[in-house]
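**Student:** model this:
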Amino acid sequence: MKRHGFTLLLAALGAFLLLTGCQETRSLLPSVSGKAGEIIVVMDKPYWEDTLGNDVRDLLARDCPWLAQKEPLYSLVNVVPTAFADLFKAHRNIMLFVVGPQVDSAGIIYKHDLWAQPQCVIQVSAPDPAQASALLKEKGPMIVSSIEQAERDRVIRNTMRYEESSIYAKVSELFGGSPHFPTGYKIRKASEDFVWIADDKDGVYQDVLIYRYPAEADPFTPEKIIYHRNEVMMNNVPGSLEGMYMTTSEFFPTTVEYLKYRGRDIVQTRGMWEVQNDYMGGPFVSHSFYSPDGSEIFVTEAFVYAPRFDKRQYLRQVESLLYSWEWKENGEN
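**Tutor:** So this is what the prediction gives:
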């Protein structure tokens with residue numbers, strides 16, 4: 001086991017040195033492989049089947065917190081160091097564990113585009129499994145955030161490559177800014193204060209709603225966010241029959257988180273939507289933020305309806321689009 005860990009350490013360090021010493025070769029890297037939401041975990045089998053492996057699963061394969069049904073946050077694939085060949089090195093997300101007495105001190109290294117692009121590689125080094133587990137517990141939020149950001153950036157990158165530019169032009173004309181949307185999305189409804197953009201096909205609905213309302217004192221409390229959301233949904237997102245409309249489920253908890261992303265302050269709200277007097281429902285996530293002059297609250301919201309399918313990746317895809325918001329005038333993301 002020690003020999004395997006030492007071999008992996010040398011290989012990883014050699015790759016890091018090669019990367020930093022030959023920056024001009026980055027463009028020659030192959031495209032990443034693997035499924036979205038999947039992570040290769042390089043770890044010796046005895047560790048994987050013991051406490052360290054359990055701690056990795058508790059961090060990365062726990063139930064996805066923003067879905068009604070049980071789905072893992074990520075899908076994990078264990079690969080032992082001796083089998084970590086070129087086939088696996090091209091994977092989109094890799095977590096390397098170098099554990100053994102040859103390691104001087106515990107630590108985590110984050111790298112991008114090491115063997116492929118766009119790739120996220122996280123190396124956890126520790127003299128023993130207990131210290132590796134302690135690192136996971138201490139740095140867990142940062143590890144998850146790094147992988148989430150990598151997944152999100154891939155969606156935005158593909159969106160910009162295959163953008164339906166007419167949507168950005170129309171929405172930014174109405175709101176002064178807009179997310180970017182890939183081919184397949186279409187505007188379902190547009191007015192001065194509300195736009196509905198949808199990619200609905202094959203029993204899967206991935207939709208984005210954009211709306212605004214006048215700012216008020218302390219506008220980002222959960223109560224005020226949900227109050228305005230329900231009001232906008234009732235007036236703009238009807239069900240199939242009279243008296244049916246989208247609203248926020250009171251059965252599932254709604255969470256609010258304050259974020260800063262590329263210079264913008266964002267209030268992120270997660271919850272479950274449902275249709276009043278009907279049985280439709282699903283997850284949603286919204287970003288609330290001030291207009292440039294501070295007079296209005298802007299909201300971009302992503303929701304998914306996929307009753308016959310797992311929803312984790314569908315929500316991740318459409319949620320990522322919210323992060324691509326760009327103001328038309330100053331080009332500030």
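**Student:** Give the burial count for the closest residue to Gly282 other than its chain neighbours, as a bare number.
**Tutor:** In space, and not counting its chain neighbours, Gly282 is closest to Tyr305: 4.6 Å by Cβ to Cβ, 6 or more residues apart in numbering. All C-beta spots, glycine's among them, are computed from the backbone N, C-alpha and C. Per other Cβ atoms under 10 Å, the neighbour tally for Tyr305 reads 19.
**Student:** Backbone dihedrals for Tyr305, both of them.
**Tutor:** phi -130, psi 110 (degrees, to the nearest 10).
**Student:** So what are the sheet partners of the helix or strand where Arg212 lies and their directions?
**Tutor:** Here Arg212 sits within strand 204-214, counting by DSSP states H and E. Taking DSSP bridges as the criterion, strand 204-214 pairs within the sheet with strand 194-201 (antiparallel), strand 296-305 (antiparallel).
**Student:** For Trp325, which of the ones you listed is the nearest?
**Tutor:** strand 296-305 (6.2 Å; Cβ to Cβ).
**Student:** rewinding a little: return the distance of the residue nearest to Gly282 relative to Val77.
**Tutor:** Distance from Tyr305 to Val77, counting by Cβ to Cβ, to the nearest Å: 29 Å.
**Student:** Provide a complete list of residue ranges assigned to helices in the stretch 51-200 of the chain.
**Tutor:** Here the stretch 51-200 of the chain has its helices, by DSSP state H, counting those that start in this stretch, at 51-60, 86-89, 129-161, 165-175.
**Student:** if we can go back for a sec, out of the strands paired with strand 204-214, flag the one nearest Leu114.
**Tutor:** strand 296-305 (30.5 Å).
**Student:** Mind pulling the model confidence for the closest residue to Arg264 other than its chain neighbours?
**Tutor:** Computed as Cβ to Cβ, 6+ apart, the closest residue to Arg264 that is not its neighbour in sequence is Phe289, at 6.1 Å. The model reports Phe289 with a pLDDT of 97.
**Student:** again, but for Ser240
**Tutor:** If you check Ser240, the pLDDT there is 88.
**Student:** Do I have it right that it meets Gln276?
**Tutor:** No: with contact defined as Cβ atoms under 8 Å, Ser240 does not reach Gln276; the gap is 11.7 Å.
**Student:** more crowded one of the two?
**Tutor:** Gln276 (15 against 8).
**Student:** give the contact list for that one.
**Tutor:** Under the criterion of Cβ atoms under 8 Å, 6 or more residues apart in numbering, the contact list for Gln276 reads Met234, Gly239, Gly243, Met244, Tyr245, Met246, Thr247.
**Student:** rewinding a little: mean confidence score for the strand holding Arg212?
**Tutor:** Here the average pLDDT along strand 204-214 is 98.
**Student:** for stretch 218-227, same thing?
**Tutor:** Stretch 218-227 shows a mean pLDDT of 96.
**Student:** Can you list the buried residues in that stretch?
**Tutor:** Buried residues in stretch 218-227, defined by neighbour count with 16 or more other Cβ atoms under 10 Å: Pro219, Phe220, Ile225, Ile226.
**Student:** just stretch 33-47 next, same as before
**Tutor:** Gly34, Gly37, Glu38, Ile39, Ile40, Val41, Val42, Met43, Asp44, Tyr47.
**Student:** what's next to the host helix or strand of the fifth one, contact-wise?
**Tutor:** Think Ile40. Element membership for Ile40, per DSSP H and E: strand 38-42. Residues outside strand 38-42 that contact it (Cβ under 8 Å, 6+ apart): 8, 34, 48, 56, 60, 74-81, 84, 88, 91-97, 147.
**Student:** Which of these are buried, as a ChimeraX select command?
**Tutor:** Buried residues among those (16+ other Cβ under 10 Å), as a ChimeraX selection:
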select :8,34,48,56,60,74,75,76,78,79,81,84,88,91,92,93,94,95,96,97,147
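**Student:** circling back to that earlier point, now, among the contacts of Gln276, which is nearest to Pro214?
**Tutor:** For those, the nearest to Pro214 is Met234 (17.8 Å; Cβ to Cβ).
**Student:** Using CSV, list the CA coordinates for the helix or strand containing that closest one.
**Tutor:** With secondary structure defined by DSSP H and E, Met234 is part of helix 222-236. What follows is helix 222-236, C-alpha atoms only, in CSV (Å, rounded to 0.1, in the frame of the first residue of the first chain):
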residue,chain,number,x,y,z
PRO,A,222,-37.0,34.7,3.1
GLU,A,223,-40.5,36.0,3.8
LYS,A,224,-40.3,38.9,1.3
ILE,A,225,-38.6,36.8,-1.4
ILE,A,226,-41.3,34.1,-1.2
TYR,A,227,-44.1,36.6,-1.0
HIS,A,228,-43.0,38.3,-4.2
ARG,A,229,-42.3,35.0,-5.9
ASN,A,230,-45.8,33.7,-5.2
GLU,A,231,-47.3,36.9,-6.4
VAL,A,232,-45.4,36.8,-9.7
MET,A,233,-46.0,33.1,-10.3
MET,A,234,-49.8,33.5,-9.7
ASN,A,235,-50.0,36.2,-12.3
ASN,A,236,-47.6,34.8,-14.9
